[in-house]
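J.: got a predicted model here, sequence first, then my questions.
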Amino acid sequence: MTEKKSLLVLNQEIRSDLLFCRDCAESQCGTGLAKDFNRLLDKNEGLNNALIEQVYSQPKLSIPKKIAEELLDEDRVKHTSYELMFYNNGDWSGNLQNWMENTDKWWFIVDVYLAGKALGIELVKVIDG
């Protein structure tokens, strides 16, 4: 579990404890102390939302379907980003060349895509386009 996910779990446990304490305070002391717990719960909720946004809004990598198919074309050598950068012998299409020229950090996307294929997991989403 990542550090941020651990913090998210801890924050949710704190929320549960605060709810319990607020309910006890309400039943024992009236609404005055319960209002203080409600303020703490509001702050906890803000922190929880910020953590959720950080944990689950990681950037997603994507690659056009035509490019992905070309990278895995069995009739050609499977190209790593290194091969695409340094050994341009004309084996790949103009589509691939244009994509490389117009995509920031394309070499990382290629390597992560090929690594995911080798591992049998989807690390880069293949999109139409």
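T.: Nice, thanks for sending it over.

J.: how is the protein divided into domains?
T.: Using automatic domain parsing, the domain ranges for the chain come out as 3-56, 62-127.

J.: list the buried residues of stretch 64-72.
T.: Of all the residues in stretch 64-72, those buried under the rule 16 or more other Cβ atoms under 10 Å are 64, 67-68, 70-71. The way it works is simple: take the backbone N, C-alpha and C, and place the C-beta from them, glycine included.

J.: spit out the contact partners of residue 22.
T.: The contact partners of residue 22, by Cβ atoms under 8 Å, 6 or more residues apart in numbering, come to 34, 37-38, 41.

J.: tell me the one of the residues you listed nearest residue 9?
T.: residue 41 (17.2 Å; Cβ to Cβ).

J.: reformat the domains of the chain as a markdown table; add mean pLDDT.
T.: Converted to a markdown table, the domains of the chain look like this (pLDDT from 0 to 100):
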| stretch | mean pLDDT |
| --- | --- |
| domain 3-56 | 84 |
| domain 62-127 | 80 |
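
J.: tell me the most packed of the contacts of residue 22, by neighbour count.
T.: residue 37 (19 neighbours; other Cβ atoms under 10 Å).

J.: now that residue. Its backbone dihedrals?
T.: Taking degrees, to the nearest 10, you get phi -70, psi -30 for the backbone angles of residue 37.

J.: so residue 8 sits against residue 52, correct?
T.: Yes: with contact defined as Cβ atoms under 8 Å, residue 8 counts as touching residue 52 (6.6 Å).

J.: which of these two has more neighbours?
T.: residue 8 (20 against 14).

J.: what about the more buried one, distance to residue 42?
T.: 17 Å (Cβ to Cβ, to the nearest Å).

J.: just list the residues touching residue 115, thanks.
T.: residue 123.

J.: how close does it sit to residue 53?
T.: Using Cβ to Cβ, we find residue 115 at a distance of 27 Å from residue 53.

J.: in this protein, which spans are strands?
T.: Along the chain, the stretches classed as strands by DSSP state E are 62-64, 125-127.
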